[in-house]
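# Predicted model follows, preceded by the sequence.
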There are 2 protein chains.
Amino acid sequence: MAEVWEQLRPRMLELSELGSALRLLSWDQHVMMPAGGAGGRASVMATLQSLAHGRLTDPALGELLQEAAADSSLDAMQRASVELLQRDYDKATKLPEALVRELAELESLAFQAWAEARPANDFSILEPKLARMVALKKEAADAIGWEEERYDALLDDYEPGMKAREVEVLFEHLVPALKPVAEEILAAAGTRPAFLSQTYEADKQESFCHWLVKVLGFDVDEGRFDVSPHPFTIHIGRGDVRQTTRYEPHAFLMSIRASIHETGHALFEQGLPKEHWGLPAGQINSLGLHESQSRIWEIQVGTSRPFLDFLLPHLKDKFPEELGRLEPAEFYRGVNHPRRSLIRVQADEVTYNLHIALRLELELALFRDELAVADLPDAFDAAMEKYVGIRPDNHSDGVLQDMHWAVGALGYFPTYTLGTLYAAALFDKAQEELGDLSGELRRGDTSRLLEWLRVNIHARGSVKPGKEIAEDVIGTKLSHEPFLDHLKQKYAEIYDLSF
Amino acid sequence: MAEVWEQLRPRMLELSELGSALRLLSWDQHVMMPAGGAGGRASVMATLQSLAHGRLTDPALGELLQEAAADSSLDAMQRASVELLQRDYDKATKLPEALVRELAELESLAFQAWAEARPANDFSILEPKLARMVALKKEAADAIGWEEERYDALLDDYEPGMKAREVEVLFEHLVPALKPVAEEILAAAGTRPAFLSQTYEADKQESFCHWLVKVLGFDVDEGRFDVSPHPFTIHIGRGDVRQTTRYEPHAFLMSIRASIHETGHALFEQGLPKEHWGLPAGQINSLGLHESQSRIWEIQVGTSRPFLDFLLPHLKDKFPEELGRLEPAEFYRGVNHPRRSLIRVQADEVTYNLHIALRLELELALFRDELAVADLPDAFDAAMEKYVGIRPDNHSDGVLQDMHWAVGALGYFPTYTLGTLYAAALFDKAQEELGDLSGELRRGDTSRLLEWLRVNIHARGSVKPGKEIAEDVIGTKLSHEPFLDHLKQKYAEIYDLSF
């Protein structure tokens, strides 16, 4: 073992352990913390972030990284870890400490402002914090540096290696292809099946979802499954992956889908190679690839006819009065019933990526200095009309619907669509290699698919950028076509359409 | 504002915020963490502890502290904070790093050995680890330094400023006065009331206790109330105080008493002056004073006739079948029914401090080199017979019953009795100043008592050592007499005794 690696590894682990503490502080903030703790929590997180920043920017680390880069004895996981940490080191040494600290504090405070602003339908509560956030993010992007445009630097935090223009081009192909297909499907959809609008007791939803995530392979001895206003998954530390969902009596399918979605994220985290825990390349840094795992379980598995055929009898056991007489075909059509919705997280797979397209347009405009935060609410409404075809009549359902911007996650949204595109291509490839999966999905057996994902995706961590890992597996360049083919094929069958 | 203070304060806050993160990691470990996270969590905590140690032992901090000590412009809270941090700095810099590391390792190894030894009833599993623990604690005490005797240095970690001889003298007065009173009460107690041994559904206990802690003034907007195997209270951070309890169907009174006890601790933490959060003197470092707050609520309020008269109808609402026909007088006698028990944590207020007396005697003997760890089991059994009047017939109920010594908490036990003595004296003083409280307690109104404690105790943090704060309020030297008077008066009435 190279001597430089033996010096570098403990530093990587220390950074990862500081990250662990920060992730627990964050999970707790969203799931457990009493409201009164918000202000104090913000400073604790800022202090830890600043300490972590200090360790990351230690010049001795910079020297070790340079030495390690020249060491040809390192294996692929080690080499990738050196490169990823070099990238973080470069970014961190370029960011002034005061900026890092202000951003960290602002993230907590702006989140609290958003949480107040949304129910109050009052953008002005969030606006000053969000304006400051965008200003600081621009400052940070410029400090880090970029080649083609500022937004590249933001995107790089969520989808390393991807460029703004590259993503924009993907959407330039996707949107014109998707819009007419979506319109045709929406027009064919007809009235919403009644079972979707019934009331389902939250406690029963909860016990059903706790059963379901275990069926899908989530290991509860190495994780938790809780409730939070916005479902999320977080890898707290070695052997500790936590996901959340929420239960609403009037939106049972939402709870099931959110639970399956988060389980996809959680399975990816639980599938990371344990022996590389704490190494930069032993973690997941491509949110697009991360989203591909949540989408493949939510959509390709969770809304498929065979898997829904498996779920329905279990659902009937839990809700005999509500669902006792529902036919499998009706259930399948209902789950996949598309609807033009104002709310991204309620959007179906037909319109979801149009919601992302509108957010990408706004983010690009913000960072190309073509849009001011003060004008964001109107721009949001207009873009919603342009892409999704409806206009919000209040800010809660418009610009205030997502927390992302408030917590500084700018450059994040496009990874949702990348995930959709990766997922469709990966599922095609899995069936190409494993054969048709519908027989086993109909029995609720997802083990061969999980194993295939473990080997081909999960075990690789971040040994390469996400897009390269995906392209290695699918064997072609990333494109919108597998996703569009999937949509067309599915809905052609459901509504007897021809595309 | 003094310039040195402006440099010192951020360092105090940073240390406090690192403590905050560590406390959340610890709370989560006991209340939320999945089993699989244990190994990873231990390293995260060790990493953070070592970072905090590095900040505490920074020579630049030492210089600032010296400068601040000479600054006459500081106010009382600032001066006390400088002195307390100087004390921590001295301890941290005087302890050799190898000793700190060995102690930290030994704490977890000895805890594991204890957890094995107790169910196996086999002291030999723990003995070598405990012998090493005592040896290391002696070494640490000598490294830190002491004036009169070694045990002073241990006691100082839990009750700063208190000396071994001072505590010993308190017990030399307490024990001979308490023993005959306790014997007389135990002899009068008669058979145990049946309602104490019934089964009470855990879910209903839980909702009752959630109601109860709010009645007592626990602010759930700035705290949480959860379940853990061992009840505890922890001040996570500003505006975030968390307490736990546990519910056992066969021990309802235990849950209620533990909840009231922890609420006492939590009210103290919630009553600290917010503007001094993070300063050493803005926190509580006297465990005796801390325990006085838990005891005053658990005993002086929670087992009093008027408060139990208030509780009973609410309990009957919750448990109509189990308690519907219970008379107030019978309830009061039952709650206060004393019983000679081998186990400290099950002991009532009559015998509890005799359990502490025996532990103090053994700890003093260990650190005065008058007792070897190998002889501890026999010495424990003999002391139990001498103080409590029964002899354990196995080590599980004898020397192995507490985890304190295994985790290195040597010098901790006496603070339980200090808490008892402070509590009795403080409650007398409160009634002297506020008038008889029984009328309002009978209505469940504890607000004037809480306000009195807030002003006289909580708001002062650690601006002085605990005993001095208590003596300032009670206006006399600390003595065992108020506690003994309280016991005599209460039980004279319950069992028609005369003392």
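The structure has been received and is ready for your questions. Numbers count the residues shown, from 1 in each chain, chains lettered A, B, ... in the order given.
# Helix or strand for A:S462, just tell me which one.
A:S462 belongs to no helix or strand when elements are defined using DSSP states H and E.
# residue contacts, it?
Shown in contact with A:S462 (CB atoms under 8 Å, 6 or more residues apart in numbering or on different chains): A:80, A:84, A:160, A:280-286. For the C-beta atoms, the positions are set from N, CA and C on the backbone; glycine is no exception.
# Equivalent analysis for A:F413, please.
A:356, A:359-360, A:363, A:404.
# out of everything not next to it in sequence, what's closest to the most centrally placed residue in chain A?
Nearest to the geometric centre of chain A sits A:E291, at 4.6 Å (CA atoms, centre = their mean). With sequence-adjacent residues excluded and distances taken as CB to CB, 6 or more residues apart in numbering or on different chains, A:E291 is closest to A:G419, at 2.4 Å.
# and A:M1, what pLDDT?
Model confidence at A:M1, given as pLDDT, is 55.
# how about A:E148, secondary structure?
Of the three states, A:E148 takes coil under DSSP: H, G, I helix; E, B strand; the rest coil.
# Hmm, A:T415 and the residue nearest to the centre of chain A touching each other?
Yes: counting by CB atoms under 8 Å, A:E291 does reach A:T415; the two are 5.6 Å apart.
# So for the strand or helix carrying A:E67, what gets flagged as buried?
Secondary structure assignment for A:E67, by DSSP H and E: helix A:59-69. By neighbour count on 16 or more other CB atoms under 10 Å in any protein chain shown, the buried set for helix A:59-69 is A:61, A:64-65, A:67-68.
# so who does the residue lying closest to A:L421 once chain neighbours are set aside touch?
Using CB to CB, 6+ apart and skipping residues adjacent in sequence, the residue nearest A:L421 is A:F483, 5.3 Å away. A:F483 sits next to A:174, A:353, A:420-421, A:423-425 when contact means CB under 8 Å, 6+ apart.
# Among the residues you listed, which one has the most neighbours?
A:A423 (29 neighbours; other CB atoms under 10 Å in any protein chain shown).
# can I assume that residue is in contact with A:T303?
No: contact criterion CB under 8 Å: A:A423 and A:T303 do not qualify, at 11.8 Å.
# Find me the pLDDT at the nearest residue to A:C209 once chain neighbours are set aside, would you?
Using CB to CB, 6+ apart and skipping residues adjacent in sequence, the residue nearest A:C209 is A:S259, 4.2 Å away. Per-residue pLDDT puts A:S259 at 97.
# again with the one 10 residues further on
Among the per-residue scores, A:E269 holds a pLDDT of 98.
# just checking, it touches A:V241?
Yes: look at A:E269 against A:V241 with CB under 8 Å: they come within range, at 4.4 Å.
# picking up where we left off before, return the members of the contacts of A:S462 classed as buried.
A:80, A:84, A:160, A:280-286.
# okay if I get those as a markdown table plus secondary structure?
A markdown table is the format used below for the buried ones among the contacts of A:S462 (three-state DSSP):
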| residue | secondary structure |
| --- | --- |
| A:A80 | helix |
| A:L84 | helix |
| A:P160 | coil |
| A:P280 | helix |
| A:A281 | helix |
| A:G282 | helix |
| A:Q283 | coil |
| A:I284 | coil |
| A:N285 | coil |
| A:S286 | coil |
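# Tell me which two in these are the farthest apart.
A:P160 and A:G282 (15.0 Å; CB to CB).
# Between helix A:59-69 and the lengthiest helix in chain A, find me the angle.
In chain A, ranked by residue count with DSSP state H as the criterion, the top helix is helix A:3-31. Counting by axes from the mean of the first three to the mean of the last three CA atoms, to 10 degrees, helix A:3-31 lies at 120 degrees to helix A:59-69.
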